[in-house]
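K.L.:
pasting the structure only:
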């Protein structure tokens, strides 16, 4: 099982933005192996959420841990059968541990996007 | 003659100025280009309204012909296509109708279907033909609606007053493109001056002749007036901050039809603009 999280450049904290996070951390739950993937969607003019979701789907993830997710990205994950869980606090390690212990809730609130309102 | 009325932000008085300019003319068209939040019709209360649907083409993918080559998904600069379970999936709200995917598809699996993005309408209010439009909720741009609006109002040969959307975005550009003259409406604050500067830059890029109407003027300094002096910009007229005006206007009365001093003000303003256009 492959788990993904949007992370800041410090690689220790969860990024508040899904579509425009600088990096994604991919963790193989069986081997514990970690991999960082650049989020090329961050520089997109529009549709960043869709492209970011595409990058993760192309990387074959099964689970996404994120503080929030827009409706277009969520549609991509739903179609690709990726499960989404809501992170708590901003520590990457604590969230991974909480997920493994079954303590993270399924992400239920999907926002309608910050299109052109999230600053440039 | 086409006069476009614009400002860097909402609430400065574009609709006040454009509605009243059209109202005092003997024969005019009023074109409300703020298709995100149209409000000119509230003043004119037009009759005999005819409406027309506006559509844009969006791709339609034939799942049987598609071989999952992914060319279309990788091509789309707007990320309107995702690739899920070996097939492209369209997000129509993100699509900009560029048609690139249709041209590119080696399997000829993509055709186009119309998607409704809004409506345009036309009606009559006394001597004024009232044109307007409104975007469909979720549509990505109002530009296709503005294009249709100008197609419909092309038959107008006399005075057209174009009430622009606020700001200097592509919708404002589309609205002033064919204007003979631009009227910039400005508030007497630093914020108002900043917004005036934005549309000032825009009309300079478009090489349009223009002048400024100073609205909501109060005694004391007016940074927008100072800006005009500094940049040698024609001040076409001043409208004072007037509670009476505000109240009538907020109740959707056309002020020039209600108070003779305002009829005179807008008649003078129209003459001044006509003089500027001929000069």
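P.N.:
Nice, I can see it. Everything numeric in this text was worked out from a predicted model, so none of it was measured.

K.L.:
can you count the residues close to whichever residue of chain A sits closest to chain B?
P.N.:
Proximity of chain A to chain B (C-beta to the nearest C-beta) peaks at residue A:47, 2.8 Å away. Heads up, the C-betas are built off the backbone N, CA and C, glycines and all. Per other C-beta atoms under 10 Å in any protein chain shown, the neighbour tally for residue A:47 reads 27.

K.L.:
what do you get for residue A:72?
P.N.:
25.

K.L.:
Over to residue B:264?
P.N.:
Residue B:264, neighbours per other C-beta under 10 Å, totals 12.

K.L.:
what about it, which SS state?
P.N.:
Classification of residue B:264 by DSSP: H, G, I helix; E, B strand; the rest coil places it in helix.

K.L.:
With adjacent residues omitted, what lies nearest to the residue of chain B found nearest chain A?
P.N.:
Proximity of chain B to chain A (C-beta to the nearest C-beta) peaks at residue B:79, 2.8 Å away. Computed as C-beta to C-beta, 6 or more residues apart in numbering or on different chains, the closest residue to residue B:79 that is not its neighbour in sequence is residue A:47, at 2.8 Å.

K.L.:
Now do the same contact list for the one you found.
P.N.:
A:41, A:72, B:78-80, B:91, B:94 (C-beta atoms under 8 Å, 6 or more residues apart in numbering or on different chains).

K.L.:
could you redo the residues you listed as JSON lines and give each row pLDDT?
P.N.:
Formatted as JSON lines, the contacts of residue A:47 follow (pLDDT from 0 to 100):
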{"residue": "A:41", "pLDDT": "94"}
{"residue": "A:72", "pLDDT": "93"}
{"residue": "B:78", "pLDDT": "91"}
{"residue": "B:79", "pLDDT": "94"}
{"residue": "B:80", "pLDDT": "95"}
{"residue": "B:91", "pLDDT": "92"}
{"residue": "B:94", "pLDDT": "88"}
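
K.L.:
What's the separation between the residue nearest to residue B:79 and residue B:78?
P.N.:
Distance, residue A:47 to residue B:78, by C-beta to C-beta, to the nearest Å: 5 Å.

K.L.:
So for the two, which residues contact both of them?
P.N.:
Common neighbours of residue A:47 and residue B:78 (C-beta under 8 Å, 6+ apart) are residue B:94.

K.L.:
Could I get the contacting residues of residue B:237?
P.N.:
B:213-214, B:265, B:268-269, B:272.

K.L.:
Which elements pack onto the host helix or strand of residue B:195?
P.N.:
For residue B:195, the host element (DSSP states H and E) is helix B:190-205. When contacts are defined as 3 or more C-beta pairs under 8 Å, 6 or more residues apart in numbering or on different chains; DSSP states H and E, helix B:190-205 packs onto strand B:2-6, helix B:170-176, strand B:181-186, strand B:210-217, helix B:223-230.

K.L.:
buried ones in it?
P.N.:
B:192-193, B:195-200, B:202-203 (16 or more other C-beta atoms under 10 Å in any protein chain shown).
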